[in-house]
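Colleague: Pasting the sequence and the predicted model now:
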Amino acid sequence: MNPFENRIQALSGPASDALPVIPDDAADLPHVAIGLYVETGGTVSIQTVTGATRSIAVADFSVMPIGVRRVNATGTSASGIHALVLA
């Protein structure tokens, strides 16, 4: 049985998938993320859904509940980043 089969997706979660992210200064994510999961902490430079650029310091195994359209390569030192999406 799939408990997600007839569920209406909501921005409050849960995400339906976690996609690996390769930070890029020019390309948006294939799907706008409802959040990010970061395996190895550092700084994450993002472009939010509003178009603002932010640099956020995160610890290992962090969840960032923020709408993200792009993860920038410049300024990002964290790794193992995954976009939490409603696909």
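Modeller: Structure's in. What do you need? Numbers count the residues shown, from 1 in each chain.
Colleague: make it CA atoms for all contacts and neighbour counts henceforth
Modeller: OK.
Colleague: Give the closest residue to Val44 in space, chain neighbours not counted.
Modeller: Distances taken as CA to CA, 6 or more residues apart in numbering place Thr76 nearest to Val44, at 4.5 Å, with adjacent residues excluded.
Colleague: isn't the one you found right next to Gly42, touching?
Modeller: Yes - counting by CA atoms under 8 Å, Thr76 touches Gly42, with 7.4 Å between them.
Colleague: got any ranges where the chain has weak pLDDT?
Modeller: Applying pLDDT under 70 to the chain flags residues 1-13.
Colleague: quick one: Thr40 from Ala57, how far?
Modeller: As judged by CA to CA, to the nearest Å, Thr40 and Ala57 stand 11 Å apart.
Colleague: How about Tyr37?
Modeller: Separation of Tyr37 from Ala57 (CA to CA) stands at 13 Å.
Colleague: The two: who's more crowded?
Modeller: Tyr37 (22 against 13; other CA atoms under 10 Å).
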